[in-house]
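Asks: What would the 3D arrangement of this be:
(2 chains)
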Protein chains: 2
Amino acid sequence: MPVAGSPDNLCVGQEVTDIVDMQTTLQEAQRNRFDFVVIPLSRTPAPDLTDAAAHTPSHRLPPYEFIPMAQSDLALESKMWTSAVCGTVSSWIRPDCPHPAYRDRSIVALQRELQWASHLSEYATICPCPELPCANYARIMMPLLLSPLSTQLWVRIPLSVPPVTEGGGDATEGWQLWHQLRMMCGHHSSLCVALEFTDIYGDDDACLDKWLAEPVRAVIIPTDIFVTNAKGFPVLSRRHKAFLMRLFRHRVQVIMRYDRGEEPGSRQMSDEGSMGVSQGQPQGMTMDAYLNYVARLFQSLEPLSQAQMFEQPYLDYLQAPLQPLQDNLESQTYETFEKDPIKYVQYEQALVQCLQDRMAEGKTNPTIMVVGAGRGPLVQASLNALQSAKIEEWTVYAVEKNPNAVITLQSRVRGDPCADWRRVRVVSGDMRQWDTTERADILVSELLGSFGDNELSPECLDGAQRFLKRDGVSIPTRYFSAVAPVSTTKLYNDVKSYKDQEHLETAFVVKLHAFFRISGEEYQPVFEFEHPNWEIPDTHDNKHNRRKTEVSFTARADALLHGFAGYFHCDLYKDVFISILPTHMSEGMFSWFPIFFPLMEPITIKQGDTIRGHFWRLDDAHKVWYEWCVSSPQPSPLHNPGGRSYFIGK
Amino acid sequence: MPVAGSPDNLCVGQEVTDIVDMQTTLQEAQRNRFDFVVIPLSRTPAPDLTDAAAHTPSHRLPPYEFIPMAQSDLALESKMWTSAVCGTVSSWIRPDCPHPAYRDRSIVALQRELQWASHLSEYATICPCPELPCANYARIMMPLLLSPLSTQLWVRIPLSVPPVTEGGGDATEGWQLWHQLRMMCGHHSSLCVALEFTDIYGDDDACLDKWLAEPVRAVIIPTDIFVTNAKGFPVLSRRHKAFLMRLFRHRVQVIMRYDRGEEPGSRQMSDEGSMGVSQGQPQGMTMDAYLNYVARLFQSLEPLSQAQMFEQPYLDYLQAPLQPLQDNLESQTYETFEKDPIKYVQYEQALVQCLQDRMAEGKTNPTIMVVGAGRGPLVQASLNALQSAKIEEWTVYAVEKNPNAVITLQSRVRGDPCADWRRVRVVSGDMRQWDTTERADILVSELLGSFGDNELSPECLDGAQRFLKRDGVSIPTRYFSAVAPVSTTKLYNDVKSYKDQEHLETAFVVKLHAFFRISGEEYQPVFEFEHPNWEIPDTHDNKHNRRKTEVSFTARADALLHGFAGYFHCDLYKDVFISILPTHMSEGMFSWFPIFFPLMEPITIKQGDTIRGHFWRLDDAHKVWYEWCVSSPQPSPLHNPGGRSYFIGK
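Replies: So this is what the prediction gives:
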């Protein structure tokens, strides 16, 4: 959508209230370095309600006549309408106004203006701010949302709505308006938000954080929200500024509005950290000063780290979890994961410590078995560790079930630059079936998924510990999964867009970005496993790997619960660990993104509510699966009963 | 996929039969200006069947061992496998070989090699040429096609297969092998063709034309197919060359194979037009000479015309037909269609002729009514025609039902640079309901769709002729639709990919490109309409616009019938027409692409078969729809009964 070149990828538009000629308006905006303009759709005036009779249902207003703001669509080429113009619905329109005549006129005008916006194919149309309850508004929007509309619909939502009666009552959180409208519109994915900067509602940043989980497409910044710094330049308050910086990471467009009519001195900087601030609103400032400030803010964003760059294409992108046990991984998948700069360093360190501990106990000539060796990265870590520990007498096995990866292992045995590979013994087969009289001192594996046990590490290691010495060590020794309740409109819409039950009952691997953690707590643990597990009963069932856990969180804000984010933490050996817990994240490790357990129907949450979730890990002869549900603040359906939609093949 | 820069967008690969080291092989190919290499997947030898016992079912071959051609996947980075390497399945593999032991070994090896190719994520894998019947082959391919495979599957198909017994029997058309395999594989859209240049089957170009309707992804050109020209350089025969030039327009990749083992003198140039050709196959030629020839051919393609450039993104892209009567068009849609360089010129010419004819009859002061005026292009054509005909006393009405377009018309009346607009009378409303005592001399409309009457021109003009003088003229005066039976794998797969009945019963607007006209005849007419139609009964039904037609074609080649291409022809006035018939196409006119009527199940056609199609145009109070079916050579289901899937709202 950029028309004029704007700093990097930020698009900034100018909201204008009147136009004489579209060409002139656009050229002027471009000259002022704006990328697009936001213009009113119509100049039809508000109905005159001075007449007392206007308030009665039977009152008849003169017939409605639509007067477009731009003379006609010919005022611009269609590609300009499409790329450089947003329209705003007339501000007098109130489809849920209590006055019947005014309300009916509003409904007619709203439909007509949106029809006109669609005719022009404007880049986006900014719809009026809803009033509660917004039932009429939702009824007008639904048929538009269900039809193929050629303009985006952004609803204008202020951060905070002042009380209706001056001096009395409380302000309303703008989010409540949005929440009611989107619930009434059935979470329609085409309904988005143009968030208007006003006073911030409340002191808790949760009220701002939650917007990152919503489809905010644009931020409207009126100049009267600015304050003046010591040098006399317009700046945003500390909280507004910090919030805008975070929104920049969510690809919002910025719309600036110059409020000429405002009274000077109506606002002053009150934050600490900005000393010597002059009283009141900047006076005589041109739009340029405000635009410069926003552009500089954008340019001051820290550049993305290498890991962040890697993650960019995966942000909020749903992936089906790998099934490495059931399917064979491809060469490129191995190659990608082998590049992890942290994971194998941690494994090597765990191995060195473990080898040294065993030497100290007088245990020499170690046998290491790497089970699920893939193309050999853990074999390499083992060889490195043996060298670090200065052990010369050793045996290393590499057990792998994927015949294609076995070809790689065999070729490394023949020709890897590290000469120790010549002595590695490659075993082609499933660790659960391999028959050997050899016994291992250390069993090394990397069978974890984003939710820890979800790639069946417990079942595989139970099978493999047959050939572990009674005093042998498993690396990893322990791991657990954890969850946190989240709001994430984007992911819910993506899951729902499949239009089937299956996807609404599937846990997806996803780099969560546009989400809001509803609870104060970062997470609660769910399922834990330790290896080796000598308590396994002799029967061949797997009951000891079944689990049932309840988690309980307190909501830190009103929000919409869409599901749970899932993580894992894994102790490799003693205090050497790998983790994707928000609090313990192994910095730079990219092998695992979090997992997302969706809910079929989102649940409205009030601040202080208890969110109680239930999680099961279950199995039968052929598969393992999770089931989940919510019991508080209101019950959800049980998800994935019997693994009908989502399971991991054994 | 290009590795080295190749002429423009053509990618050329080299097929090699043996490799020592992948890096060296790739570097050598790059040095020789190839973009990719085609290598064998395995060096496992064919089973030894010299033993007579090998032909018995009970014979046991030594165990199969897979030996990859490249040492392991580590030989290249995965992005090189993915972009610069195609694999070929071992040529000894014959899953439908009559010898049981050999066949079973082939099946095991085919599965293992394809699994390996998928592990490497090679750009594409070239599967062996099928033998008829190819049931085993199809059984092996299906699970692969149904799984998420990370390599494209191209089946190697020669243009012609020589008779099995030397000297005896006829050659087989390679297309028959492909046809059987793809039928058995349920038309799976991931199954594609690598077409190998051999002798051309038959003298009729229909045998080559039909390949343009198939998913040909690559052309394999062995050097032994080349002949030597007068200057001693290798060239292709006239027919091979012309065919390759046509394939270039379908984004094929080229694979060159250097046949060193061939005997010189085994082939000679026989076409006329290439005089002084030396005997036999070029000797001592380097690969460079062949590559240069192919690159020069590609560069000699005529550049695309403006109209062709415009059409590029729409080639074989299905579009739902517009419903301008039911929905209001958007500004950009009007803008696009108004740019047609032919249509309005033709209308203006028809208007001039008509005005002159009426003046000659002494009819002055003409009233022109443009019904469905949109944003005014036909109004402008009328004003131009009046000026050309030097008529100063006139009345022009512009009737339009879309309120957004009416705003444009009104703004042109106020301010259009052509001053005659000041006198145009704009009427906001539906021509079928407009109530006026005015009577028109000429009723001008453009209500045609790709299939002529499919935007309800007949119904609209029946309604509008109320205000046409009894001796008045409708421009257009006559139009008819036409169809031709076509094979088009791409469109069938696209329609089928919606996985519902609705799309298989919908006529789509589409710029047909990868298709084959099965019949010798270019088309047969279907439904015809003339205006004005004073024979309309007084009742308010629409029975006179219902139609039923039968069309009958003779197949010029064996083929797979996927549906019918539809066109229209329209006489505006006397001999002035607009047309998208293949034989009468108004050159440069881009307002209409053809329409495509799919069949739910494609029908196999033999050369000489009669293809009989039935088409209905039906209506009820609210809609008009088509139904269609085929009765010969075998009956199809009746498509779209009662307009259940596809209709045009009145």
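Asks: got the residues of the stretch 201-350 of chain A near chain B?
Replies: Contact residues, the stretch 201-350 of chain A versus chain B (C-beta under 8 Å from any C-beta of the partner chain): A:328, A:330-332, A:334-336. Where you see a C-beta, it was placed from the backbone N, CA and C, and this is true even at glycine.
Asks: Give me the average confidence score over stretch A:107-121.
Replies: Stretch A:107-121 carries an average pLDDT of 93.
Asks: hmm, back to that, where helices are concerned, which of the residues of the stretch 201-350 of chain A next to chain B count?
Replies: A:331-332, A:334-336 (DSSP state H).
Asks: Most neighbours of all the residues of the stretch 201-350 of chain A next to chain B, which one?
Replies: residue A:331 (26 neighbours; other C-beta atoms under 10 Å in any protein chain shown).
Asks: Give me the pLDDT for it.
Replies: As predicted, residue A:331 sits at a pLDDT of 91.
Asks: same thing with residue A:273?
Replies: pLDDT, residue A:273: 37.
Asks: Can you measure across stretch A:72-87, start residue to end residue?
Replies: End-to-end distance of stretch A:72-87 (C-alpha to C-alpha, to the nearest Å): 14 Å.
Asks: Kindly apply the preceding question to stretch A:387-406 instead.
Replies: 24 Å.
Asks: helix, strand or coil for residue A:346?
Replies: helix (DSSP: H, G, I helix; E, B strand; the rest coil).
Asks: Residue A:613 too?
Replies: strand.
Asks: Now it: closest residue in space, sequence neighbours ignored.
Replies: Distance criterion C-beta to C-beta, 6 or more residues apart in numbering or on different chains; nearest residue to residue A:613, sequence neighbours excluded, is residue A:551 at 4.9 Å.
Asks: Need the pLDDT of residue A:279.
Replies: Per-residue confidence (pLDDT) for residue A:279: 40.
Asks: Ignore what I typed, I meant residue A:164.
Replies: Here, the pLDDT recorded for residue A:164 equals 74.
Asks: quick one: it and residue B:448, what's the gap?
Replies: Applying C-beta to C-beta, to the nearest Å, the value for residue A:164 to residue B:448 is 56 Å.
Asks: Which of these two has more residues huddled nearby?
Replies: Comparing residue A:164 with residue B:448 by other C-beta under 10 Å, the one with more neighbours is residue B:448, at 22 against 9.
Asks: check contacts around residue A:360.
Replies: For residue A:360, no residue meets the contact criterion (C-beta atoms under 8 Å, 6 or more residues apart in numbering or on different chains).
Asks: Any chance of the backbone angles for residue A:219?
Replies: Backbone geometry at residue A:219, expressed as degrees, to the nearest 10, gives phi -120, psi 130.
Asks: Oh, that last question was meant for residue A:413, not what I typed.
Replies: The phi and psi values for residue A:413, taken as degrees, to the nearest 10, are phi -60, psi -40.
Asks: residues in contact with it?
Replies: Going by C-beta under 8 Å, 6+ apart, the list of residues near residue A:413 reads A:421-422, A:424, A:426.
Asks: before we move on, what about residue A:519?
Replies: With C-beta under 8 Å, 6+ apart, residue A:519 has these contacts: A:484-485, A:553-556, A:611.
Asks: I appreciate the help and will end here.
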